[in-house]
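K.L.:
next input, structure requested:
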Amino acid sequence: MRSAELSQSLLTSAATIVLPGQCFVGHEKFDLLWHGGKIAGAAQRRNQLGLLIQGSVQPPIPLARADWEKAMGAAGCDEFGMAWSAFEPDPALRERAESLARQKYSQPEYIARR
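P.N.:
Next up, the predicted model:
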(Lines give C-alpha, C1' and ligand atoms only; values in the text may rest on other atoms or scores of the structure.)
Protein backbone atom coordinates (compact mmCIF):
# COMPACT_ATOMS: atom_id res chain seq x y z
CA MET A 1 0.00 0.00 0.00
CA ARG A 2 1.29 3.42 -0.95
CA SER A 3 1.31 6.08 1.73
CA ALA A 4 0.81 9.04 -0.66
CA GLU A 5 -1.36 8.91 -3.77
CA LEU A 6 -3.41 11.03 -6.13
CA SER A 7 -7.11 11.17 -5.38
CA GLN A 8 -9.16 9.31 -7.95
CA SER A 9 -12.49 10.86 -6.98
CA LEU A 10 -14.27 13.84 -5.48
CA LEU A 11 -14.88 13.99 -1.72
CA THR A 12 -16.09 17.57 -1.36
CA SER A 13 -19.64 18.73 -0.86
CA ALA A 14 -21.56 21.59 0.67
CA ALA A 15 -21.79 19.46 3.82
CA THR A 16 -18.00 19.07 4.13
CA ILE A 17 -16.94 22.64 3.28
CA VAL A 18 -18.71 25.07 5.57
CA LEU A 19 -16.64 28.24 5.01
CA PRO A 20 -14.37 29.55 2.26
CA GLY A 21 -10.75 28.54 2.80
CA GLN A 22 -11.51 25.07 4.13
CA CYS A 23 -9.99 23.34 1.12
CA PHE A 24 -8.34 20.61 3.20
CA VAL A 25 -11.66 19.34 4.60
CA GLY A 26 -12.44 17.35 1.45
CA HIS A 27 -10.55 16.59 -1.74
CA GLU A 28 -10.92 16.85 -5.49
CA LYS A 29 -9.75 14.45 -8.15
CA PHE A 30 -5.93 14.53 -8.46
CA ASP A 31 -5.31 16.17 -5.06
CA LEU A 32 -2.43 14.53 -3.17
CA LEU A 33 -3.61 12.30 -0.31
CA TRP A 34 -1.70 10.81 2.61
CA HIS A 35 -3.56 7.84 4.12
CA GLY A 36 -6.82 9.21 2.72
CA GLY A 37 -6.38 12.83 3.92
CA LYS A 38 -5.55 15.72 1.59
CA ILE A 39 -2.04 17.12 1.97
CA ALA A 40 -1.68 19.05 -1.31
CA GLY A 41 -3.91 20.56 -3.96
CA ALA A 42 -4.20 23.41 -6.39
CA ALA A 43 -6.83 25.64 -7.96
CA GLN A 44 -7.00 28.04 -10.82
CA ARG A 45 -9.12 31.03 -11.67
CA ARG A 46 -9.31 32.69 -15.05
CA ASN A 47 -10.81 36.05 -15.99
CA GLN A 48 -10.26 38.69 -18.67
CA LEU A 49 -7.09 39.86 -16.91
CA GLY A 50 -5.31 36.53 -16.85
CA LEU A 51 -4.89 33.23 -15.04
CA LEU A 52 -4.11 32.69 -11.35
CA ILE A 53 -2.84 29.29 -10.22
CA GLN A 54 -2.54 28.68 -6.48
CA GLY A 55 -1.29 25.57 -4.73
CA SER A 56 -1.16 24.55 -1.09
CA VAL A 57 0.74 21.87 0.79
CA GLN A 58 0.24 21.03 4.44
CA PRO A 59 2.00 18.46 6.61
CA PRO A 60 0.23 15.13 7.11
CA ILE A 61 1.01 15.30 10.84
CA PRO A 62 1.01 18.27 13.23
CA LEU A 63 4.30 20.16 12.83
CA ALA A 64 5.50 23.64 13.62
CA ARG A 65 5.74 25.77 10.46
CA ALA A 66 9.53 26.11 10.81
CA ASP A 67 9.93 22.32 11.07
CA TRP A 68 7.69 21.75 8.02
CA GLU A 69 9.64 24.32 5.97
CA LYS A 70 12.92 22.69 6.98
CA ALA A 71 11.64 19.21 6.04
CA MET A 72 10.27 20.41 2.67
CA GLY A 73 13.52 22.24 1.91
CA ALA A 74 15.61 19.18 2.78
CA ALA A 75 13.41 16.91 0.65
CA GLY A 76 13.66 19.29 -2.30
CA CYS A 77 17.43 19.43 -1.94
CA ASP A 78 17.88 15.67 -1.50
CA GLU A 79 15.39 14.54 -4.14
CA PHE A 80 15.62 17.26 -6.78
CA GLY A 81 18.80 19.27 -6.10
CA MET A 82 16.75 22.39 -5.25
CA ALA A 83 17.77 25.14 -2.84
CA TRP A 84 15.24 26.76 -0.49
CA SER A 85 15.24 30.54 -0.30
CA ALA A 86 12.75 32.78 1.44
CA PHE A 87 10.90 35.30 -0.73
CA GLU A 88 11.58 38.85 0.38
CA PRO A 89 9.51 41.40 -1.56
CA ASP A 90 11.12 44.72 -2.37
CA PRO A 91 9.72 47.77 -0.52
CA ALA A 92 7.51 48.91 -3.43
CA LEU A 93 5.85 45.50 -3.75
CA ARG A 94 5.37 45.25 0.01
CA GLU A 95 3.74 48.71 0.14
CA ARG A 96 1.44 47.85 -2.78
CA ALA A 97 0.33 44.62 -1.08
CA GLU A 98 -0.28 46.40 2.24
CA SER A 99 -2.22 49.15 0.45
CA LEU A 100 -4.45 46.60 -1.32
CA ALA A 101 -5.04 44.78 1.94
CA ARG A 102 -6.12 48.02 3.68
CA GLN A 103 -8.12 49.61 0.88
CA LYS A 104 -9.74 46.59 -0.76
CA TYR A 105 -9.35 43.11 0.74
CA SER A 106 -10.14 44.03 4.35
CA GLN A 107 -13.28 46.01 3.46
CA PRO A 108 -16.58 44.46 4.62
CA GLU A 109 -18.22 44.90 1.19
CA TYR A 110 -15.38 43.00 -0.49
CA ILE A 111 -15.44 40.21 2.09
CA ALA A 112 -19.25 39.91 1.87
CA ARG A 113 -19.02 39.26 -1.91
CA ARG A 114 -17.29 35.94 -1.24
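K.L.:
can you name every helix or strand that the helix or strand of the chain with the lowest mean pLDDT contacts?
P.N.:
Across the helices and strands of the chain, mean pLDDT, DSSP states H and E gives its lowest value to strand 4-6, namely a mean of 83. Judged by 3 or more CB pairs under 8 Å, 6 or more residues apart in numbering; DSSP states H and E, the packing partners of strand 4-6 are strand 32-34. All C-beta spots, glycine's among them, are computed from the backbone N, C-alpha and C.
K.L.:
if you average pLDDT over the strand it packs on, what comes out?
P.N.:
Across strand 32-34, pLDDT averages out at 87.
K.L.:
residues in contact with it?
P.N.:
3-7, 27, 38-41, 57, 60 (CB atoms under 8 Å, 6 or more residues apart in numbering).
K.L.:
identify, from those, the entry nearest to Ile111.
P.N.:
Gly41 (23.2 Å; CB to CB).
K.L.:
so what's the gap between the lengthiest strand in the chain and the chain middle?
P.N.:
Longest strand in the chain by number of residues (criterion: DSSP state E): strand 37-47. Strand 37-47 sits 7 Å away from the centroid of its parent chain (CA atoms, centre = their mean, to the nearest Å).
K.L.:
list the buried residues in that strand.
P.N.:
Of the residues in strand 37-47, 38-41 count as buried by neighbour count, 16 or more other CB atoms under 10 Å.
K.L.:
packing partners for it?
P.N.:
By 3+ CB pairs under 8 Å, 6+ apart, strand 37-47 packs against strand 32-34, strand 50-57.
K.L.:
before we move on, back to that, from the contacts of strand 32-34, which has minimum pLDDT?
P.N.:
Among the contacts of strand 32-34, Ser3 carries the lowest pLDDT, at 74.
K.L.:
coming back round to it: distance to Glu88 and mean neighbour count added to the helices and strands packed on strand 37-47, as JSON lines?
P.N.:
Listed next are those as JSON lines, based on distance: least, CB to CB, whole Å; neighbours: other CB atoms under 10 Å:
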{"stretch": "strand 32-34", "distance to Glu88": "28", "mean neighbour count": "18"}
{"stretch": "strand 50-57", "distance to Glu88": "20", "mean neighbour count": "10"}
